[in-house]
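Peer 1: turn this into a structure:
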Amino acid sequence: MSDITTIAIAGAGTMGSGIAQVTATAGFSTILFDINPVMLQKAEIAIKKSLQFLVEKQKITLIQSIAIQEKIKYTSEINHLVADLIIEAVVERLDVKHQFFQSVAAINKETCILATNTSSIPVTQIAAKINYPERVVGIHFFNPAPIMKLVEIISGVQTNNEVAQTCKLFIEGMGKTCVMAKDAPGFIVNRVARHFYVEGLKVLEENVCSLEDIDALMESSGFKMGPFRLMDLIGVDTNFSVTSSVYALFHQDSKFRPSRIQQQKVDAGFHGRKTGRGFYAY
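Peer 2: Have a look, this model is predicted:
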């Protein structure tokens, strides 16, 4: 497997821009792609703001901040995505991921690693329609990517072990903690964490107490954030999408049932911090 020097990231939302900051900080040439130029502008502003915060906290110097920013190229042209490793962080739809990977596979060498940051779609399903599916792997970062240490590496049925190990070394080389997982619904973290959200929503549905009290209770128990504050940070829409996907993959097992309350938030456009309103107002 050739050395990884250039990273391309698709999707300039919260996850994509966060991953771009991580790879650029580690010294990799980074290409951040989004079909929407406005998203790229927002991502550039968000990354600059994040780095400025680190400068103010004396975590990095101003010179380092500038060097990191210079490592990132922003583009809306998919033909610019020529790299050693491509990580997609686009919408959680299998057809969109298939179309994206088919497009970039056509312009890259067959040794290019194609990684998905999906939270719940099986890697095996994503790889099924891609040429050389053995190079498709899951690299699942957690939000916010620059802060969260954990990254899951998920091997699909056809993923080459050398590809998975290369990704493991790549992730650990950036100072992250890497966990190897098989291609099961929700992988490890999202499968276990579903009940943190789902049970909190059930308690709310049953009018046991307010969402503020649920969050306060969990935070007083040692969690940094309660389930509702965390859903607002992740994105209520993203969280609901993952829950719905896991529910379907487990053949409608009732313990993963999505919440009607969360569905209403999504329908109303209350997606959390990114829209200014979710379970809380911002």
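Peer 1: neighbouring contacts of the longest helix seen in the chain?
Peer 2: If each helix of the chain is counted by residues according to DSSP state H, the longest one is helix 37-56. Contacts of helix 37-56 with the rest of the structure, by C-beta atoms under 8 Å, 6 or more residues apart in numbering, involve 12-14, 16-17, 20-21, 32, 34, 60-62, 65, 68-69, 72, 74-76, 146. For every residue, glycine as well, the C-beta is placed using N, CA and C.
Peer 1: hmm, residue 143 is touching residue 15, no?
Peer 2: Yes - because the distance of 6.0 Å satisfies C-beta atoms under 8 Å, residue 143 is recorded as touching residue 15.
Peer 1: more neighbours, those two?
Peer 2: Here residue 143 and residue 15 are set side by side on neighbour count (other C-beta atoms under 10 Å), and the busier one is residue 15, at 24 against 17.
Peer 1: residue 75 is in contact with residue 35, isn't it?
Peer 2: No - using C-beta under 8 Å, residue 75 and residue 35 do not qualify as a contacting pair, with a distance of 10.2 Å.
Peer 1: export the longest helix of the chain as PDB, just CAs?
Peer 2: Coordinates of each C-alpha in helix 37-56 appear next as PDB, following Å, rounded to 0.1, in the frame of the first residue of the first chain:
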ATOM      1  CA  PRO A  37     -19.900  26.700  -2.600                       C
ATOM      2  CA  VAL A  38     -21.700  28.300   0.300                       C
ATOM      3  CA  MET A  39     -20.900  25.300   2.500                       C
ATOM      4  CA  LEU A  40     -17.300  25.600   1.600                       C
ATOM      5  CA  GLN A  41     -17.300  29.300   2.600                       C
ATOM      6  CA  LYS A  42     -18.900  28.300   5.900                       C
ATOM      7  CA  ALA A  43     -16.400  25.500   6.400                       C
ATOM      8  CA  GLU A  44     -13.400  27.800   5.900                       C
ATOM      9  CA  ILE A  45     -14.800  30.300   8.400                       C
ATOM     10  CA  ALA A  46     -15.500  27.600  10.900                       C
ATOM     11  CA  ILE A  47     -12.000  26.200  10.600                       C
ATOM     12  CA  LYS A  48     -10.400  29.600  10.900                       C
ATOM     13  CA  LYS A  49     -12.500  30.300  14.000                       C
ATOM     14  CA  SER A  50     -11.600  26.900  15.600                       C
ATOM     15  CA  LEU A  51      -7.900  27.500  15.000                       C
ATOM     16  CA  GLN A  52      -8.100  31.000  16.300                       C
ATOM     17  CA  PHE A  53      -9.600  29.600  19.500                       C
ATOM     18  CA  LEU A  54      -6.600  27.200  19.800                       C
ATOM     19  CA  VAL A  55      -4.200  30.100  19.300                       C
ATOM     20  CA  GLU A  56      -6.000  32.100  22.100                       C
END
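Peer 1: phi, psi of residue 30?
Peer 2: For residue 30, the backbone dihedrals are phi -120, psi 130 (criterion: degrees, to the nearest 10).
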